[in-house]
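# Here's my sequence, what's the structure:
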Amino acid sequence: MKLKYIVMAFTLCLVVLGASGMSVVEAAPKVIDFELEVELKNDTEYDIEYEVKGERIEAKYKVPGQATKYGQEAQALIEPLLNQWNVSPDINKEELKKQILSTLQVNPIDVDEFELEVKFDNGQNLKIDR
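Predicted structure coming up:
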């Protein structure tokens, strides 16, 4: 019997929160602009770009040993990476950099430049320039 009242009270709280415009669970900010450039000491370059422009997405995926992909082909390669890397405004920058380099199979010792700029739909930004 007590469980019934607890469930009812919880449901009422959810209804009140919903009616007041408060969200019980905040949605994670979405990436709307992602630019990654990695240059290795041997002049090899990685260039991954992803930008949401209204209803369409512009994307470029350039990695050594593969033909450069654009548009939907690039988008299909980039979106799983963004999810895998769990890119968010408050992520640990060093951990994210390690994850990215590991995924790209790049030894950190070989990196000459690493630049990452990310913009989120809530106005926050993330930048790594090392």
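# wait, what's in contact with the spatially most central residue of the chain?
Residue closest to the average C-alpha location in the chain (CA atoms, centre = their mean): residue 87, at 3.1 Å. Contact analysis of residue 87 by CB atoms under 8 Å, 6 or more residues apart in numbering lists 31, 34, 96, 118, 126. Using the backbone N, CA and C atoms, a C-beta is placed for each residue, glycine as well.
# Strands - which of those land there?
Counting by DSSP state E, the contacts of residue 87 place 31, 34, 118, 126 in strands.
# What is the neighbour count of the closest residue to the third one other than its chain neighbours?
If I follow you right, that is residue 118. Setting aside the residues directly before and after it, residue 118 is nearest to residue 126 in space (CB to CB, 6 or more residues apart in numbering), at 4.2 Å. Neighbourhood size, residue 126 [other CB atoms under 10 Å]: 19.
# check contacts around residue 126.
87, 88, 89, 91, 93, 116, 117, 118, 120.
# Now intersect those with the helices, please.
Counting by DSSP state H, the contacts of residue 126 place residue 93 in helices.
# Can you find the helix or strand in this structure with the smallest mean pLDDT?
Of all helical and strand segments in the chain, the minimum by mean pLDDT, DSSP states H and E falls on helix 2-19, at a mean of 45.
# So the residue nearest to the centre of the chain versus residue 79, what's the distance?
Distance, residue 87 to residue 79, using CB to CB, to the nearest Å: 11 Å.
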